[in-house]
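Participant: return atomic coordinates for the entry below.
(one chain, ligands or ions: 1)
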Amino acid sequence: MKIKAFAPATVANVCCGFDVLGFAVNFPGDEVILTLNMSREVTLSKIVGDGGRLPLDATKNTAGVAVQSFLKSIGKREGVEIELYKNLPLGSGMGSSAASGVAALVAINHLMGNPLTRGQLVVHAMEAERIACGSAHADNVAPCLMGGFVLVRDYNPLDVVKIPATKNLYATLVHPHIELKTSDSRRVLKPTVNLKDAIAQTGNIAGLMIGLTTEDYSLISRSLKDTIAEPIRSAFIPGFEQVREVAVKAGALGSGISGSGPTMFALSPDHALAEKVGEVMQLEFLKSNLKSEVYVSKVNQEGARILD
Ligand code: HSE
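Facilitator: Below you'll find the model as predicted:
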């Protein structure tokens, strides 16, 4: 009655898909250990790796909230103890809050005999996101649960679609050592979008969908642009333009902000190139006196998984 689960980092938005597109990587990610007990309460016994910054209160922690939402929906009042092992940095734009919630959800679903599909778990993970940043966006949690590139076609009612995308893409994630809260990065956005920007964004997201499904690298490359969030948020990332430029010059198909930042991502058609892109991006961040971590991974196809 004890289980360990892993949920990976995710790149939300992918430039042109603000709040509607994301993909998962293989690592890094968060881990949880869930143990059933007789208490009929959901509790967090420990969190490792957060520097004491995350709440142990299960009604305020993404892992606790996700498990509570899940149990309520299946009409069970189980006692669950959660241990959370954070490997993803907080406020990084790598889907840290999503990974904790999703790992806990996949674990509790498994312990209960998998009553819900991965797609059906998305709403519960969204509740965790609401607690974490005030907005129940699904573009991290859906790919974290389902793997690959996932489109949130609609939020009301929720319609989440796994894209039959090429499996031959490698992601470079470069996490500069600054922290941005998603809630802050959302607050700065304008509530309305002008028609010209909306047209450009629509063309690019449609182009990216076609590029991904037909493995048209040139089309993917032309479509990795964001006219909505990036023009505003890039100001919070020192050297943003230059970092993106060196990534593309080195051969990446495109580069942009991962989720709400400050992590920047790039996509490449092969592993060696993705590594090289990471090196040049890291060097470029150093010019702004920013140290960073680089993660290179194939786009993850399975999403979160049970470890034992
Ligand atoms: N789509 C969300 C945002 C992702 O950009 O605010 C947050 O990780």
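
Participant: run the chain-centre distance for the helix or strand bottoming out on mean pLDDT in the chain.
Facilitator: Ranked by mean pLDDT, DSSP states H and E, the weakest helix or strand in the chain is helix 182-187, scoring a mean of 93. When distances are taken as CA atoms, centre = their mean, to the nearest Å, helix 182-187 is centred 15 Å away from the chain's centroid.

Participant: do it and the ligand meet at all?
Facilitator: Yes: contact of helix 182-187 with the ligand (CB under 6 Å from any ligand atom) involves Thr182, Ser185, Arg186. All C-beta spots, glycine's among them, are computed from the backbone N, C-alpha and C.

Participant: out of these, who has the most neighbours?
Facilitator: Thr182 (24 neighbours; other CB atoms under 10 Å).

Participant: that one against Pro262, yeah?
Facilitator: No: the pair Thr182 / Pro262 is not scored as a contact, 11.3 Å apart, by CB atoms under 8 Å.

Participant: the closest residue to the ligand within the chain and Leu273, how far apart?
Facilitator: Nearest to the ligand, among the residues of the chain, is Gly259, at 2.9 Å (CB to the nearest ligand atom). From Gly259 across to Leu273, the span is 23 Å (CB to CB, to the nearest Å).

Participant: who's more crowded, those two?
Facilitator: Ranked by neighbour count (other CB under 10 Å), Gly259 and Leu273 place Gly259 first, with 28 against 18.

Participant: quick one, phi psi at the more buried one?
Facilitator: When read as degrees, to the nearest 10, the backbone of Gly259 gives phi 60, psi -130.

Participant: check what pLDDT it gets.
Facilitator: Looking at Gly259, its pLDDT is 98.

Participant: look through the protein and tell me its longest strand.
Facilitator: strand 21-37 (DSSP state E).

Participant: so which elements touch that strand?
Facilitator: strand 2-12, strand 79-85, helix 96-111, helix 141-146, strand 149-155, strand 170-176, strand 292-298 (3 or more CB pairs under 8 Å, 6 or more residues apart in numbering; DSSP states H and E).

Participant: still on that earlier bit, hmm, the residue of the chain closest to the ligand is touching Gly95, no?
Facilitator: Yes: with contact defined as CB under 8 Å, Gly259 reaches Gly95; the gap is 6.2 Å.

Participant: overlap in contacts of those two?
Facilitator: Thr10, Val11, Ala12, Gly22, Asn140 (CB atoms under 8 Å, 6 or more residues apart in numbering).

Participant: and the fourth one, what are its bridge partners?
Facilitator: Just to be clear, that refers to Gly22. For Gly22, the beta-bridge partners are Ala12, Val150 (DSSP bridges).

Participant: show me the contacts for it.
Facilitator: Neighbours of Gly22 in contact, by CB under 8 Å, 6+ apart: 10-14, 95, 139-140, 142-144, 149-150, 259.

Participant: go on, Ile178?
Facilitator: Phe236, Ile237, Pro238, Pro262, Leu290.

Participant: same check on Ala252?
Facilitator: Per CB under 8 Å, 6+ apart, neighbours of Ala252: Thr172, Ala266, Leu267, Ser268, Leu273, Ala274, Val277.

Participant: one more: Ala107?
Facilitator: Ala107 makes contacts with Ile3, Lys4, Ala5, Val32, Ile33, Leu34, Ile306, as judged by CB under 8 Å, 6+ apart.

Participant: just the ones in helices from the contacts of Ala252, please.
Facilitator: Applying DSSP state H to those, the entries found in helices are Leu273, Ala274, Val277.

Participant: so can I have TSV of these showing pLDDT and distance to the ligand?
Facilitator: What follows is these, written out as TSV (pLDDT from 0 to 100; distance: CB to the nearest ligand atom, whole Å):
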residue	pLDDT	distance to the ligand
Leu273	98	26
Ala274	98	21
Val277	98	21
